[in-house]
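Student: sequence and predicted model, in that order:
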Amino acid sequence: MPSELYVQEVRSGSRATRVTETVSSLFAFLPWVEPEVVPIPSTHHDRPIYSRVYTPSGGASGKRPAVMFVHGAGYLQNSHLGWSGYVREFMFHTLLTQKGYVVLDMDYRASAGYGRDWRTAIYRDMGTPELEDMEDGVKWLTEHKNVDPKRIGVYGGSYGGFMTFMALFKKPDLFACGAALRPVTDWAHYNHH
């Protein structure tokens, strides 16, 4: 659920009182998918790649299709137990799971919140460490979520669009398809008016 505001006196034992009610009863009624956060083993680093996984309910009669979402900015953190800053994508991921897709959202190397070495792993090598992490994500999906490796798509916007292009051009057999939304295609002009 989205964050709400509470007030509480600054003294031991005081109770918090809710101030806002931002979601409608219709929104609360909808069957939103609650993602789980999983540590995916890395084949290139001694630490796991924390990821959100949206899993369809019910058993599948065969191998499932999957979609990998690549968050933007490169340095965001999206795999946490809170409301996603990607509200539209969260709704889309719920729709995809209702259609039988598994959705994976990774905090690949360069994502914030994992320390200096994780954050600077892409220095002068943008697009390579993150793609290695995405490969580990595809492997994990096929081994742990009954996903068909030939039916995995990838999408993202901004830096996620850049990474979608990197995946499709550098590892053309890794994903069946991809959608690069508002991608960064020329870093010489990034943030330039």
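Tutor: Yes, it's here.
Student: what bridges to the closest residue to Tyr54 other than its chain neighbours?
Tutor: Excluding its sequence neighbours, the residue lying closest to Tyr54 (CB to CB, 6 or more residues apart in numbering) is Val103, at 3.9 Å. Bear in mind the C-beta positions are built from the backbone N, C-alpha and C, glycine included. Beta-bridge partners recorded for Val103 (DSSP bridges): Tyr54, Val67.
Student: quick one: Val103 from Thr22, how far?
Tutor: 24 Å (CB to CB, to the nearest Å).
Student: which one of the two has more residues nearby?
Tutor: Remark: of Val103 and Thr22, Val103 carries more neighbours, 25 against 10, as counted by other CB atoms under 10 Å.
Student: so that one makes contact with Arg64?
Tutor: No - Val103 is not in contact with Arg64 according to CB atoms under 8 Å; the separation is 10.5 Å.
Student: list the contacts for the residue lying closest to Tyr190 once chain neighbours are set aside?
Tutor: Leaving aside its chain neighbours, Tyr190 sits nearest to Val184 (5.6 Å; criterion: CB to CB, 6+ apart). Residues in contact with Val184 (CB atoms under 8 Å, 6 or more residues apart in numbering) are Ser158, Tyr159, Gly161, Phe162, Tyr190.
Student: likewise for Leu131?
Tutor: Here Leu131 is in contact with Met163, Met166, Ala167, Lys170, Lys171 (criterion: CB under 8 Å, 6+ apart).
Student: neighbours around the closest residue to the first one other than its chain neighbours, how many?
Tutor: Which is Met163. The shortest distance from Met163 to any non-neighbouring residue, by CB to CB, 6+ apart, is to Val70 (4.5 Å). Look at Val70: counted by other CB under 10 Å, it has 31 neighbours.
Student: what does the one 10 residues further on give?
Tutor: Residue crowding around His80 was assessed by other CB under 10 Å; the count is 14.
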